[in-house]
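Engineer: need coordinates for the below:
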Amino acid sequence: MEPNPEPSAHKEKLKAALSKYVPNAALDLCATLIMQHRIHLHIEVERKSRYGDYTPHTGKSSRITVNHNLSPFEFLITFIHELAHHTTYIKYGPNHEAHGAEWKSEYKQCMRPFFDLDVFPYDLKSALAKHMQNPKYTQAADVKLLQVLRKYDTRKADILTLSQLADGTLFKMKTHPMLLKRIKLLRTYVLCENPDTKSRYKVHAMVEVVLV
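Structural biologist: Next up, the predicted model:
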């Protein structure tokens, strides 16, 4: 009896479509997971408020969206993050915290096979392993992880972020004309001060800045 060629052909189409977005070493597993979980993956335009999201459906394919403009490693991490929402929903139903203990456990399980495949470079794997000890609602809340991810995003190689400045440096955000001075790092955010008014603000450490 001849094997059914359709699943194999479908997988190859998925891999071809994903090849623009995820690292090559992760292509086969990503395609397998999409087919196994009957996920409808939608590549979205850039959304400032989120990298991706998950919408469950009963009786038909659940939907995962991921922003199109992420680097391959960011795209992959976002996909796994959203896949964990799916596996959490399947296992626990709708009555659980969105990023609570159940999701964190599922996220770790979903990520483990990609660690085993050595998809990530050593420094990124190390930063991601620390992140996975207590994963946050988004990788954007983990400055150290974002700093390593930026190293592997060629489009952002020349971009200066607040995290790179020394305390006392004057700067402006690319999105705002206010003059600010960096005071000190507060984990995800940096305490900054307006030199004229002495008003203080908490600014995300990875915001893009221009030196004054």
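Engineer: assign a three-state SS to Phe115, would you?
Structural biologist: helix (DSSP: H, G, I helix; E, B strand; the rest coil).
Engineer: verify the contact between it and Lys125 for me.
Structural biologist: Yes. Contact criterion CB atoms under 8 Å: Phe115 and Lys125 qualify, at 6.8 Å. C-beta here means a position set from N, CA and C on the backbone, and glycine is covered the same way.
Engineer: return the set of buried residues in the longest helix anywhere in the chain.
Structural biologist: Within the chain, and with DSSP state H defining each element, the longest helix by residue count is helix 72-92. When burial is assessed from 16 or more other CB atoms under 10 Å, helix 72-92 yields the following buried residues: 72-89.
Engineer: other SSEs contacting that helix?
Structural biologist: Under the contact criterion of 3 or more CB pairs under 8 Å, 6 or more residues apart in numbering; DSSP states H and E, the helices and strands touching helix 72-92 comprise helix 27-36, strand 39-44, strand 52-55, strand 62-67, helix 101-116, helix 143-151.
Engineer: and the second one, what's buried?
Structural biologist: Same thing as strand 39-44. Applying a neighbour-count criterion of 16+ other CB under 10 Å, the buried positions in strand 39-44 are 39, 41, 43.
Engineer: ok, now the last one?
Structural biologist: Neighbour-count burial for helix 143-151, counted by 16+ other CB under 10 Å, picks out 143, 145-150.
Engineer: the very next helix or strand once past that helix pairs with which strands, parallel or anti?
Structural biologist: Following the chain from helix 143-151 toward its C-terminal end, the next helix or strand by DSSP states H and E is strand 170-173. When sheet partners are counted by DSSP bridges, strand 170-173 sits next to strand 179-186 (antiparallel), strand 209-211 (antiparallel).
Engineer: how many neighbouring residues does the closest residue to Asp118 other than its chain neighbours have?
Structural biologist: Using CB to CB, 6 or more residues apart in numbering and skipping the chain neighbours, the partner closest in space to Asp118 is Ala25 (7.0 Å). Using other CB atoms under 10 Å, Ala25 has 13 other residues around it.
Engineer: which residues touch Ala25?
Structural biologist: For Ala25, the set of contacting residues under the criterion of CB atoms under 8 Å, 6 or more residues apart in numbering consists of 117-119.
Engineer: pipe those residues into a markdown table and attach neighbour count and pLDDT per row.
Structural biologist: Converted to a markdown table, these look like this (neighbours: other CB atoms under 10 Å; pLDDT from 0 to 100):
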| residue | neighbour count | pLDDT |
| --- | --- | --- |
| Leu117 | 13 | 92 |
| Asp118 | 10 | 88 |
| Val119 | 23 | 94 |
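Engineer: of these, closest to Leu180?
Structural biologist: Distances from the contacts of Ala25 to Leu180 were compared by CB to CB; the smallest belongs to Val119, at 37.9 Å.
Engineer: tell me the contacts of the closest one?
Structural biologist: For Val119, the contacting residues are 23, 25-26, 76, taking CB under 8 Å, 6+ apart as the criterion.
Engineer: which two among the residues you listed are spaced furthest apart?
Structural biologist: Spatial extent of these (CB to CB) is set by the pair Ala25 and Leu76 at 9.6 Å.
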